[in-house]
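Chemist: here are the coordinates; sequence isn't available:
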């Protein structure tokens, strides 16, 4: 399929995918600085309101296993158009919502769109560009999945204070409308399709598996392990996961081919991506909450304080792609993993404020440095190229679920630690809670770095 495309056609398709991914990825964290205002208008608690962001990740994770079927069954152009339309409809619904339920319905539609667009984009890029250029183009695409979510709180904060939080949804809907028009003109069917049956049972099981685990973990901090909802959700999630794995391994045509985990590099890339998303989404929610609720900054100021992280992310992602193409994954990981550990460790000391801002920037730059190379390296490690769609869907599903878990868990850790500190009258409870949550992220990043030094090799 690659040889049938001119360079101009490849670039036009890449541009459409990139812009759509930037917009959908932007919205994944743009609401972080808007969350306090949205919680007030929707009249819900913080624990409930955080599902506006973590629920998006949960819904996207549930949709992701379905994308392997969609990509291999339907032509590329109509599938892309459908994803864009879902995003526009969801954005309009969110912009006009005055209560929590329609807001979450709109977020679910946006999540379904983002799941389709994210999986499609990675498969298409790895299909239409030659291997020696894949790292570079995936590096530029990394701006969508790393820099865009990081710069979003800055822009979101400015929009919240100047135009209100609803303006965020109206603006992204309008921009995606322009993408729709451009795609109708320039997009092509670039992936091979084949007739496959839709395994309804496997899809239903995957919903209970991914949804149950994420919902259960999300309830741990607010309700505790013994709460009925927590126990039921975790039990359903674990049972569903076991059943899902068993069914996929026995199927001759699996809904989501888990056999690709036999490839070492791919499995390592999945684990690395899970950790990156777990900490990225947790920190991207914690930091604006800390700056606004504990230090009293406005949404605009808290967004501007995280601007250095956005700029560093934009620089690191394309550079990382070029380093990957030339030097390989191991050397790139040694650099990026060290930055990741340093940044997370520095966030344990949020006072004075410049230490927090610099540490957060280093951490975000490291995430951009490693995110797309992990995907490229992992997918390249799959010998069966017909399984690329399954590899992309599985990797994106697991890291998206990890993002939802990271948001719920680290917000819960910060809240619980702050309440404990307040109960004993120890210092500043908000700062103490933030430090404990940051210490957890630093510990996980240390484990990742040590494991990567031992296991990651360029073959």
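Modeler: That came in fine, so what should we check first? Since this is a predicted model, take the numbers as computed values, not measurements.
Chemist: Touching, residue 211 and residue 234? I think so.
Modeler: No - using CB atoms under 8 Å, residue 211 makes no contact with residue 234, being 11.3 Å away. No exception for glycine: its C-beta is placed from N, CA and C like everyone else's.
Chemist: Sticking with the residue nearest the centre of the chain, tell me its helix or strand.
Modeler: Closest residue to the average C-alpha location of the chain: residue 400 at 4.9 Å, with CA atoms, centre = their mean. For residue 400, the host element (DSSP states H and E) is helix 388-423.
Chemist: Please identify the buried residues of the helix or strand following that helix?
Modeler: Using DSSP H and E, the next helix or strand after helix 388-423 towards the C-terminus is helix 429-455. The neighbour-count check on helix 429-455 (16 or more other CB atoms under 10 Å) flags 429-442, 444-445, 448-449, 452 as buried.
Chemist: What of stretch 415-432?
Modeler: 415, 416, 417, 418, 421, 429, 430, 431, 432.
Chemist: residues in contact with the nearest residue to the fourth one once chain neighbours are set aside?
Modeler: In other words, residue 418. Spatial nearest neighbour of residue 418, chain neighbours left out: residue 433 (3.2 Å); criterion: CB to CB, 6 or more residues apart in numbering. Applying CB atoms under 8 Å, 6 or more residues apart in numbering to residue 433 gives the contacts 413, 414, 415, 416, 417, 418, 419, 421.
Chemist: so which of the residues you listed comes closest to residue 70?
Modeler: residue 413 (36.1 Å; CB to CB).
Chemist: coming back round to it: and the helix holding residue 400, what other elements does it pack with?
Modeler: helix 51-73, helix 100-128, helix 200-223, helix 264-289, helix 353-380, helix 429-455 (3 or more CB pairs under 8 Å, 6 or more residues apart in numbering; DSSP states H and E).
Chemist: what sits against residue 162?
Modeler: Neighbouring residues of residue 162 by CB under 8 Å, 6+ apart: residue 300.
Chemist: follow-up on the earlier one: can I assume the residue nearest to the centre of the chain is in contact with residue 277?
Modeler: Yes - contact status for residue 400 versus residue 277: in contact at 6.9 Å, counting by CB under 8 Å.
Chemist: Off-centre distance for stretch 394-413?
Modeler: Chain-centre distance of stretch 394-413: 8 Å, with CA atoms, centre = their mean, to the nearest Å.
Chemist: Show me what the mean pLDDT comes to for that stretch.
Modeler: Averaged across stretch 394-413, pLDDT comes to 79.
Chemist: before we move on, what about stretch 17-35?
Modeler: 80.
Chemist: buried stuff in that stretch?
Modeler: 17-35.
Chemist: Reformat the buried residues of stretch 415-432 as CSV; add distance to residue 323.
Modeler: Putting those into CSV (distance: CB to CB, whole Å) gives the following:
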residue, distance to residue 323
415, 39
416, 40
417, 38
418, 40
421, 42
429, 42
430, 39
431, 37
432, 39
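Chemist: what's near enough to touch the closest residue to residue 275 other than its chain neighbours?
Modeler: Leaving aside its chain neighbours, residue 275 sits nearest to residue 448 (4.8 Å; criterion: CB to CB, 6+ apart). Residue 448 sits next to 272, 275, 337, 340, 341 when contact means CB under 8 Å, 6+ apart.
Chemist: what about residue 448, distance to residue 340?
Modeler: Distance of residue 448 to residue 340, computed by CB to CB, to the nearest Å: 7 Å.
Chemist: Kindly report the same for residue 181.
Modeler: From residue 181 over to residue 340 (counting by CB to CB), the distance is 39 Å.
Chemist: Repeat that for residue 402.
Modeler: Distance from residue 402 to residue 340, by CB to CB: 15 Å.
Chemist: Can you report how many residues lie near residue 12?
Modeler: Residues near residue 12, counting by other CB atoms under 10 Å, number 18.
Chemist: Tell me the confidence at it?
Modeler: 84.
Chemist: Run a quick check on it versus residue 128, I expect a contact.
Modeler: No - the criterion here is CB under 8 Å, and residue 12 misses it with residue 128 at 10.8 Å.
Chemist: hmm, back to that, how about the buried residues of stretch 415-432, which pair is most distant?
Modeler: Pairwise over these, using CB to CB, the maximum falls at 416 and 431, 14.6 Å.
Chemist: thinking again about what came up before, the more surrounded of residue 181 and residue 340?
Modeler: residue 340 (31 against 10).
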